[in-house]
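Trainee: the amino acid sequence is not available; the structure is as follows:
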């Protein structure tokens, strides 16, 4: 996934020569804490936040260019960069938004942390049953019921608690990948559980074939 | 994971009766776009953003209580809520920070979207080789080399491209779970690939045992 797939194209921008009062009204009406400062060809030349504006209003500054951060001080990414880079930049620099540039250094979008959160959390919200459906498709010759049976046995082995195949099926229909990871104690443990299930179901398939 | 494990305990707060000029200086010096408004017992009574402050400064408001949003209009979470709830709230309401309350409705922290991004992205940054190490531990009797051999065969089968066991080992040492998901086309496909590898390695183990 590329930066351009998660960026907000409906961003606001201001010119360095407008009054900061005008910039503040624009930022308030669009509910944006930050905005890029662009020249007439949409090249990035600076960046202001609403905190620069409060300071500017108090100190009686007039123009955006008097309060803006210069381009060199701004974290930015390119539209064809991997989305992962924007995620790492937001996390490392603790910023709420990052301007996105094209090849000519023109601003074509803004990445916002809540959009990143949305993208990342979609992965977590996948139902665990979807993963089991993919598993049964791949393990040709194994039925869904055999998979649930094996899962119940592995759960009993690992937690000591008895669970029926039906209970297990209900559980994975209602739980998400995110919940499963927190419940099992991490990604690796979640995988190990799946592998144990896969191993048991294959062993049973092999045993059945021998009969 | 609970909300209290990812919240920022070093948050700032303001009283409803202070001057907005004072609030703006506090927010600027701590680089916070938002702050809870608390009574003397630290109960949440309101919320202001730096955009409320710019509007307040322009309109000549004096006190924080004149510009704050009331408690009822604010997205908030409790310290013992699942962290997932805060993630979903940030994503749904497109906010940059969320106040965290204890049982007595006192503010004990603030969740910020970039902290959520950091927590979520840590999962993505796990090296794929860690997952294979967990796999080889679980598949007792299968060696690391046998696992890499099976992985190379599955890769050839699925992509048509020849890859040696050594190439494969190098690849998973350098790539992360996040990269692997984007590369394979999603979480389910990534799992299916792992299952195919597990299936092959178990089939080979069974064949070896029969000899």
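Mentor: Nice, I can see it. What you see is a predicted model, and the numbers here were worked out from it, not measured in a lab. Numbering: from 1, shown residues only, chains lettered A, B, ... in the order given.

Trainee: C-terminal to the host helix or strand of residue A:154, what's the next element?
Mentor: Using DSSP states H and E, residue A:154 maps to helix A:144-159. Per DSSP H and E, the first helix or strand lying C-terminal to helix A:144-159 is helix A:165-174.

Trainee: buried ones in the helix or strand of chain A with the lowest mean pLDDT?
Mentor: Using mean pLDDT, DSSP states H and E, helix A:177-184 stands out as the lowest-scoring helix or strand of chain A, at a mean of 76. Buried positions in helix A:177-184, judged by neighbour count with 16 or more other CB atoms under 10 Å in any protein chain shown: A:177-182, A:184. Quick note: C-beta positions are derived from backbone N, CA and C, even for glycine.

Trainee: and it, anywhere near chain B?
Mentor: Yes. Helix A:177-184 comes into contact with chain B (CB under 8 Å from any CB of the partner chain), by way of A:177-179, A:181-182.

Trainee: closest to residue A:18 among those residues?
Mentor: Nearest to residue A:18 among these: residue A:178, at 43.8 Å, using CB to CB.

Trainee: not counting sequence-adjacent ones, nearest residue to that closest one?
Mentor: Excluding the flanking residues, the one nearest residue A:178 by CB to CB, 6 or more residues apart in numbering or on different chains is residue A:124, at 3.0 Å.

Trainee: any idea how far that neighbour is from residue B:73?
Mentor: According to CB to CB, to the nearest Å, residue A:124 stands 28 Å off from residue B:73.

Trainee: what's the average pLDDT for stretch A:79-88?
Mentor: Confidence for stretch A:79-88, expressed as mean pLDDT, is 85.

Trainee: what does that stretch rub up against?
Mentor: By CB atoms under 8 Å, 6 or more residues apart in numbering or on different chains, the surrounding residues in contact with stretch A:79-88 are A:1-7, A:77, A:98, A:100-102, A:108-109, A:111, A:116, A:119-120, B:117, B:121, B:124, B:178-179, B:182.

Trainee: just the terminal-to-terminal distance for that stretch.
Mentor: 15 Å (CA to CA, to the nearest Å).

Trainee: list the buried residues of that stretch.
Mentor: A:79, A:81, A:83-84, A:86-88.

Trainee: same question for stretch A:25-38.
Mentor: Using 16+ other CB under 10 Å as the test for burial, stretch A:25-38 gives A:27-28, A:32-38.

Trainee: starting at the chain centroid, how far to the helix or strand hosting residue A:116?
Mentor: In this structure, residue A:116 is located in helix A:113-124 according to DSSP H and E. Its chain's C-alpha centre and that of helix A:113-124 lie 3 Å apart, by CA atoms, centre = their mean, to the nearest Å.

Trainee: got the angle for that helix vs helix A:177-184?
Mentor: 70 degrees (axes from the mean of the first three to the mean of the last three CA atoms, to 10 degrees).

Trainee: dump the residues of helix A:177-184 next to chain B into a markdown table; add distance to residue B:148 as well.
Mentor: Formatted as a markdown table, those follow (distance: CB to CB, whole Å):
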| residue | distance to residue B:148 |
| --- | --- |
| A:177 | 26 |
| A:178 | 30 |
| A:179 | 32 |
| A:181 | 26 |
| A:182 | 31 |
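
Trainee: could you list the domains of chain A?
Mentor: When chain A is parsed with automatic domain parsing, its domains come out as A:3-121, A:125-210.

Trainee: now the top helix by length along chain A: buried residues?
Mentor: Using DSSP state H, we find that the single longest helix of chain A is helix A:187-210. For helix A:187-210, the neighbour count (16+ other CB under 10 Å) marks A:187-188, A:190-202, A:205 as buried.

Trainee: so between residue A:124 and residue B:73, which is more surrounded?
Mentor: Applying other CB atoms under 10 Å in any protein chain shown to residue A:124 and residue B:73 shows that residue A:124 carries more neighbours, namely 19 against 9.

Trainee: verify the contact between that one and residue A:180 for me.
Mentor: No. Counting by CB atoms under 8 Å, residue A:124 does not reach residue A:180; the two are 9.4 Å apart.

Trainee: which residues of chain A score low on pLDDT?
Mentor: Scanning chain A for pLDDT under 70 picks out A:182-183, A:185, A:211.

Trainee: which one is the residue most central in space within it nearest to, not counting chain neighbours?
Mentor: The residue lying closest to the centre of chain A (CA atoms, centre = their mean) is residue A:120, at 2.1 Å. Nearest residue to residue A:120, sequence neighbours excluded (CB to CB, 6+ apart): residue B:120, at 4.2 Å.

Trainee: and if you look at residue A:106?
Mentor: residue A:42 (4.4 Å).

Trainee: show the contacting residues for the one you found.
Mentor: Shown in contact with residue A:42 (CB under 8 Å, 6+ apart): A:13, A:106-107.

Trainee: please report which of those has the highest neighbour count.
Mentor: When neighbours are taken as other CB under 10 Å, the top entry among those is residue A:107 (20 neighbours).

Trainee: look up phi and psi at that one.
Mentor: phi -80, psi 120 (degrees, to the nearest 10).

Trainee: quick one, what contacts residue A:174?
Mentor: residue A:127.

Trainee: thought residue A:14 was touching residue A:67?
Mentor: No. Residue A:14 is beyond contact range of residue A:67, at 10.8 Å (criterion: CB under 8 Å).

Trainee: looks to me like residue A:12 is in a strand.
Mentor: No. Residue A:12 sits outside any strand when classified using DSSP: H, G, I helix; E, B strand; the rest coil, being coil.

Trainee: measure it to residue A:54 for me?
Mentor: Taking CB to CB, one finds residue A:12 at 18 Å from residue A:54.

Trainee: now residue A:134, what's its secondary structure?
Mentor: Counting by three-state DSSP, the backbone at residue A:134 sits in helix.

Trainee: mind checking how far it is from residue A:106?
Mentor: 41 Å.

Trainee: related to what we said a few turns ago, just list what the helix holding residue A:116 packs against, helices and strands only.
Mentor: Counting contacts by 3 or more CB pairs under 8 Å, 6 or more residues apart in numbering or on different chains; DSSP states H and E, helix A:113-124 packs against helix A:3-6, helix A:83-93, helix A:177-184, helix B:83-93, helix B:113-124.

Trainee: residues contacting the longest one, please?
Mentor: Pointing back at helix B:113-124 there. A:84, A:87-88, A:90-91, A:94-96, A:113-114, A:116-117, A:120-121, A:124, A:181, A:187, B:1, B:6-8, B:83, B:86-87, B:90, B:95-97, B:176-178, B:181.
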